[in-house]
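Visitor: Structure for the following, please:
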Amino acid sequence: MDCPVCKNAMIVMELVEVEIDYCQNCEGIWLDKGEMEMLLGDEAKSRELIGSFRKVKRGGEEARKCPICDKKMEKADIGEGEAVLTIDRCVRGDGLWFDKGELNEIVDKAKLDENNKIKELLADMFGHKTDTA
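Guide: This next block holds a predicted model:
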């Protein structure tokens, strides 16, 4: 699968039995449909998080194509005020794209990782430092 940002081939990495597509060039992460739920380990919290994404229309970042269906993805905001993050999601529901650091920020800001398990796993997998160390 090719990265929707830099078009390089992504590698597949396994994190808690979830296959994450990762771009070594731009450090973006693709989660297929259902993988966010598996990663968080809490279907209700995951549905609530995904349900809180708001479609946005504004200029700036170029529309990216879904690496699965090749359709333009839509921009979606999560959070409020200064804490808003914008991600890309497939309009057909094939998955979610997170630019470098966005998945970690979302997990942090949504308080979905009380024991820092996900942050530690992401740090181990991608070599990023966490605030828990």
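
Visitor: Against residue 86, how distant is residue 98?
Guide: Distance of residue 98 to residue 86, computed by Cβ to Cβ, to the nearest Å: 10 Å. (Glycine included, C-beta is placed from N, CA and C.)

Visitor: more neighbours, the two?
Guide: The neighbour comparison of residue 98 against residue 86 (other Cβ atoms under 10 Å) goes to residue 98, with 20 against 17.

Visitor: Roughly how far does the closest residue to the more buried one other than its chain neighbours sit from residue 64?
Guide: Using Cβ to Cβ, 6 or more residues apart in numbering and skipping residues adjacent in sequence, the residue nearest residue 98 is residue 29, 4.6 Å away. Counting by Cβ to Cβ, the separation of residue 29 from residue 64 is 13 Å.

Visitor: Would you mind telling me which of these two has the busier surroundings?
Guide: A direct count of neighbours by other Cβ under 10 Å for residue 29 and residue 64 places residue 29 higher, at 25 against 18.

Visitor: For stretch 56-73, which residues meet the burial criterion?
Guide: For stretch 56-73, the neighbour count (16 or more other Cβ atoms under 10 Å) marks 64, 65, 66, 67, 68, 73 as buried.

Visitor: In contact with the second one, which residues?
Guide: To tie it back to what came earlier, the one meant is residue 65. Listed by Cβ atoms under 8 Å, 6 or more residues apart in numbering, the contact set of residue 65 reads 4, 71, 72, 73.

Visitor: what does residue 14 give?
Guide: Neighbouring residues of residue 14 by Cβ under 8 Å, 6+ apart: residue 20.
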